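> this is a predicted model, with the sequence first.
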Amino acid sequence: MNNIKKYIPYFYLTAIYILVFFQYPASIRVGSFLFHSNIAADIQPSYLLIWGLMRILIVMPMIFALLIHLNKKPGSIFLNFGDKNRMISLTFWVTTLFVLLGILFYPYFLVESSLTVTRLMYLIPFFSLFAISNAFVEETFFRGASLTILSEKFGFWLGNIVQALFFGLIHIINPMSSNLLLFVFLTFALGLVWGWVTKYTKSLIPAIVCHIVADIFVAISLF
């Protein structure tokens with residue numbers, strides 16, 4: 001019985017990962033889990049809000065159930081301000097660098113976009129809410145719960161590699177890049193960096209802010 005109990009956290013992580021993966025399809029029509037090869041032609045702005053809400057309502061309760069099972073508080077998975085000086089400094093510098101790199105390399109990952117300035121202004125609320133909700137859930141799961149549990153079992157460096165690997169793999173069916181392998185490698189690398197930043201600052205805030213920036217780029221590429 002004790003042997004089974006010690007594996008329960010990994011069952012939780014697996015179940016949540018599957019939910020995250022299947023909420024991240026190549027394309028989903030609003031109200032229907034229907035896969036397509038080109039998301040840009042099918043997705044609606046309201047879908048971004050639905051997706052974000054689904055992530056919060058489905059995934060977050062499971063993460064907190066996992067914490068309860070492990071007798072852990074939210075702060076144990078970096079849901080706090082951590083080292084405030086490091087957190088503020090890293091959030092500013094890493095996010096600034098990330099924005100600059102995103103602008104520089106964005107054309108390589110853009111599938112297609114016909115946005116006008118007027119339509120972009122209309123979609124900003126959708127993009128922002130999607131990015132905030134999606135980044136919060138994914139960072140809480142990958143750099144929060146997964147990194148913490150894997151680090152306790154295997155040590156930080158191996159745990160960080162494993163969580164980043166799985167983070168990269170969920171982007172296999174992400175259509176934002178014409179070069180899939182490069183995109184998956186990029187998300188794996190970002191997972192490593194965000195994992196280190198989270199450990200260094202003892203807070204998810206820097207990783208969440210950077211992830212929000214990334215998701216805004218992604219959202220723009222959908223339209």
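Cool, the structure landed.
> listing request: residues of this protein with sub-threshold pLDDT.
Counting by pLDDT under 70, the chain contains low-confidence residues at 1-4, 22-45, 105-115, 173-179, 221-223.
> could you pull out the helices for it?
Assigned by DSSP state H, the helices in the chain fall at 2-5, 8-22, 45-54, 60-69, 84-109, 117-139, 147-154, 156-169, 180-201, 205-221.
> the second one packs against which elements?
Helix 8-22 is packed against helix 60-69, helix 147-154, with contacts defined by 3 or more CB pairs under 8 Å, 6 or more residues apart in numbering; DSSP states H and E. C-beta coordinates here come from the backbone N, C-alpha and C atoms, glycine included.
> contacting residues around I68?
I68 makes contact with no residue under the criterion CB atoms under 8 Å, 6 or more residues apart in numbering.
> now do the phi/psi pair for L79.
With angles defined as degrees, to the nearest 10, L79 sits at phi -80, psi 70.
> surely it touches L204?
Yes - counting by CB atoms under 8 Å, L204 is a contact partner of L79 at 6.0 Å.
> tell me, what residue is most central in the chain?
A centroid search over the chain (CA atoms, centre = their mean) returns E138, at 3.5 Å, as the residue closest to the centre.
> I figured that one hits A214, correct?
No - in this structure E138 lies outside contact range of A214 using CB under 8 Å: 10.1 Å.
> burial measure for the closest residue to L192 other than its chain neighbours, as a count.
Leaving out its chain neighbours, the residue that sits closest to L192 by CB to CB, 6 or more residues apart in numbering is A164, at 4.4 Å. By the criterion of other CB atoms under 10 Å, A164 has 24 neighbours.
> for A164, list the residues it contacts.
By CB under 8 Å, 6+ apart, the residues touching A164 are F142, F188, A189, L190, G191, L192, G195.
> check contacts around the residue nearest to the centre of the chain.
Counting by CB under 8 Å, 6+ apart, E138 has contacts V20, R55, F167, H211.
> quick check, the second one in contact with S133.
To tie it back to what came earlier, the one meant is R55. Yes - counting by CB under 8 Å, R55 touches S133, with 5.9 Å between them.
> returning to what we had before: please tell me how far the residue nearest to L192 sits from G195.
Computed as CB to CB, to the nearest Å, the A164 to G195 distance reads 6 Å.
> the nearest residue to S128 once chain neighbours are set aside: neighbour count?
Spatial nearest neighbour of S128, excluding adjacent residues (CB to CB, 6+ apart): I216 at 7.2 Å. Residues lying near I216 (other CB under 10 Å) number 19.
> quick one: residues contacting I216.
Applying CB under 8 Å, 6+ apart, the residues contacting I216 are F127, S128, A131.
> was I right about the last one contacting C210?
No - taking contacts as CB under 8 Å, A131 lies outside contact range of C210: 10.9 Å.
> so what sits against both of A164 and G195?
In contact with both A164 and G195: F142, using CB under 8 Å, 6+ apart.
> circling back: which among the contacts of I216 end up buried?
Taking 16 or more other CB atoms under 10 Å as the criterion, what is buried in the contacts of I216 is F127, A131.
> V184: how many residues sit nearby?
For V184, using other CB under 10 Å, the count is 19.
> swap in I132?
Neighbours of I132 (other CB under 10 Å): 17.
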